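# A structural model of the following input is requested.
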Amino acid sequence: MKKVFYSIYAFMFNIFRFMPMKKNKIAFLSPHNESFNDSLGAVMNEVIMRDEFVICKISCKDIMIDKSGILPLFRSLYTALRFFTVKAYHLATSKFVFMNDNFMPMAKLRFKSNAVITQLWHAEGAFKCFGMHIDQPEEIRNLEIAGNNKLSYVVCSSEQVADIYSEAFGVSRYKVLPLGAPRTDEFFKKINMERLRSDFYKEFPECKDKKLVLYAPTFRDDRADDMRLLDSLDIQAFNDRFGDEYRLLVRLHPQVHTSSAELSGATDVSGYKKLNNLIRLADIMVTDYSSICMDFAFLDKPLYFYAFDLEKYVSDRSFYEDYESYVPGPVARDFQTLMNLINNNVAQSYKRRMYDFKFYNFGTPDGYASKRVVDRIIYGIED
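Model prediction:
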């Protein structure tokens, strides 16, 4: 079925490519993130502030079918129809295209020769292997290669990871621009934390007057493992030990297949839209192999890594460095050990590793990465 959708989209796009290109039109393509809460959204906001361009947003939300009722169904079908027509037209006639993930129809899209297509990617640094560094079925790999061949630029978060991005996307090193991670610019902005906490407590009153521990695991490629992800989380044991001081927040990755109904005794923040605000609010993060650790490390906050299935995960998805000696925080292989590490504030002893981790993945950020990306790619201005 996906092949059919790819072909239909490519057919429509390749018709619209004969329409005149709009030099002031920019398409922002987010195949797997409807919220635009990453570097793609940050660059889009920078472009909007310039007030010189026509913006077209394209995301996975455009093709989500809502079966909750007759009216929502017809609305979502109408939106999906626009994805294959109106949105395809805007993509085909945009001078600039920014994206944050692989978009498989790209393989069959015939962009105009002067179109500028930039991959911003949805993660920072180099943590888990991705792109050409992971195994893929031959058919998927061929689509990936054909799509990457359309790229004009790939933006990465530091000079240190530029070669990895060049290899992961199969592009020449000169196409890789280490301009910084645009999504981190927001962390340099002043924010009213009292107001932010007040708003958060209104939505989640059970968190008031508690320190917040955010558990944010990533998905597993094996669906069966994914379904059992929360089996390793003993919420009752956590509350018995830390309930007077801490509130456990759980944010499941959008691709996790388990149900949040299992989170009795914890606060489910999987649907909380503003991820950067959630990271600001949390006092401690527990994760496993998720690149969300980058953001917490960026803010020098205590990180704990709960890697109860490390061997299995590594066999399915490898890392660029040895996991246990690379991550900027202590690693627990069972839940009791995790609680002991938190109780003894062990993350505080990882400050040197945290510094090395940050420099390798972010270089020396300054809060102006979005501006550099827009200046370099749209206006051709180089530092």
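# return the residues in contact with the residue most central in space within the chain.
The chain has residue 122 as the residue nearest its centroid, 3.9 Å off, counting by C-alpha atoms, centre = their mean. Residues in contact with residue 122 (C-beta atoms under 8 Å, 6 or more residues apart in numbering) are 32-33, 38-40, 100-101. Where C-beta positions appear, they are placed from N, C-alpha and C, glycine not excepted.
# would it be right to say that it lies in a strand?
No - counting by DSSP: H, G, I helix; E, B strand; the rest coil, residue 122 is not part of a strand but coil.
# what's the distance between it and residue 47?
From residue 122 across to residue 47, the span is 18 Å (C-beta to C-beta, to the nearest Å).
# same question, residue 198
Residue 198 is 32 Å from residue 47, where distance means C-beta to C-beta.
# those two: who's more crowded?
Shown here are residue 198 and residue 47; by other C-beta atoms under 10 Å, residue 47 has more neighbours (20 against 11).
# ok, now which ones touch the closest residue to residue 360 other than its chain neighbours?
In this structure, residue 360 finds its nearest non-sequential neighbour in residue 160, 5.0 Å apart by C-beta to C-beta, 6 or more residues apart in numbering. Contact analysis of residue 160 by C-beta under 8 Å, 6+ apart lists 359-361, 363.
# which of the residues you listed fall in helices?
Using DSSP state H, the members of the contacts of residue 160 that fall within helices are 359-361.
# what's the closest of these to residue 306?
The closest of those to residue 306 turns out to be residue 361 (C-beta to C-beta; 20.7 Å).
# and the closest one, how many neighbours does it have?
For residue 361, using other C-beta under 10 Å, the count is 25.
# confirm for me that it is in contact with residue 159.
No - judged on C-beta atoms under 8 Å, residue 361 makes no contact with residue 159 at a distance of 10.9 Å.
# the stretch 101-250 of the chain: strands as residue ranges?
Assigned strands in the stretch 101-250 of the chain, in chain order: 116-119, 153-155, 176-177, 211-216, 246-250 (criterion: DSSP state E, counting those that start in this stretch).
# residue 62: which of those strands is closest?
Closest approach to residue 62 among the strands of the stretch 101-250 of the chain is made by strand 116-119 (19.0 Å; C-beta to C-beta).
# partners of that closest one, with directions?
Here strand 116-119 has these sheet partners by DSSP bridges: strand 94-99 (parallel), strand 153-155 (parallel).
# pull the residues that contact it.
The contact list for strand 116-119 (C-beta under 8 Å, 6+ apart) reads 95-100, 111, 148, 150-155, 169, 373, 377-378.
# out of the contacts of residue 122, which two sit at the greatest distance?
Farthest pair in the contacts of residue 122 (C-beta to C-beta) is 32 and 39. Separation: 13.7 Å.
# which one of these two has more residues nearby?
Set residue 32 next to residue 39 and count neighbours by other C-beta under 10 Å: residue 39 wins out with 26 against 13.
# list the residues that contact that one.
Neighbour list for residue 39: 100, 120-122, 124, 155, 181-183, 369-370 [criterion: C-beta under 8 Å, 6+ apart].
# among those, which ones are buried?
Buried subset of the contacts of residue 39 (neighbour count, 16 or more other C-beta atoms under 10 Å): 100, 120-122, 124, 155, 181-183, 369-370.
# between these, which is closest to residue 305?
residue 124 (17.2 Å).
# for that closest one, what are its contacts?
39, 157, 181, 183-184, 291, 294-295, 361-362.
# any chance of those residues in CSV, with distance to residue 75 and pLDDT too?
What follows is the contacts of residue 124, written out as CSV (distance: C-beta to C-beta, whole Å; pLDDT from 0 to 100):
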residue, distance to residue 75, pLDDT
39, 30, 95
157, 38, 97
181, 35, 96
183, 30, 94
184, 36, 95
291, 34, 88
294, 36, 93
295, 34, 91
361, 41, 97
362, 41, 97
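# from the residues you listed, which land in helices?
Counted as lying in helices by DSSP H, out of the contacts of residue 124, are 39, 294-295, 361-362.
# residue 212 and residue 16, how far apart?
Look at residue 212 and residue 16: by C-beta to C-beta, they are 47 Å apart.
# before we move on, back to that, closest one to residue 203 out of the contacts of residue 160, please.
Of the contacts of residue 160, the one sitting nearest to residue 203 (C-beta to C-beta) turns out to be residue 361, at 31.4 Å.
# chain neighbours aside, what residue packs nearest to that closest one?
Computed as C-beta to C-beta, 6+ apart, the closest residue to residue 361 that is not its neighbour in sequence is residue 125, at 2.9 Å.
# kindly report the same for residue 16.
Excluding the flanking residues, the one nearest residue 16 by C-beta to C-beta, 6+ apart is residue 92, at 3.9 Å.
# higher neighbour count, residue 212 and residue 16?
Comparing residue 212 with residue 16 by other C-beta under 10 Å, the one with more neighbours is residue 212, at 20 against 15.
# relative to residue 209, how far out is the closest residue to the more buried one other than its chain neighbours?
The spatial neighbour of residue 212 that comes closest, neighbours along the chain excluded (C-beta to C-beta, 6+ apart), is residue 282 at 4.7 Å. Using C-beta to C-beta, residue 282 is found at 15 Å from residue 209.
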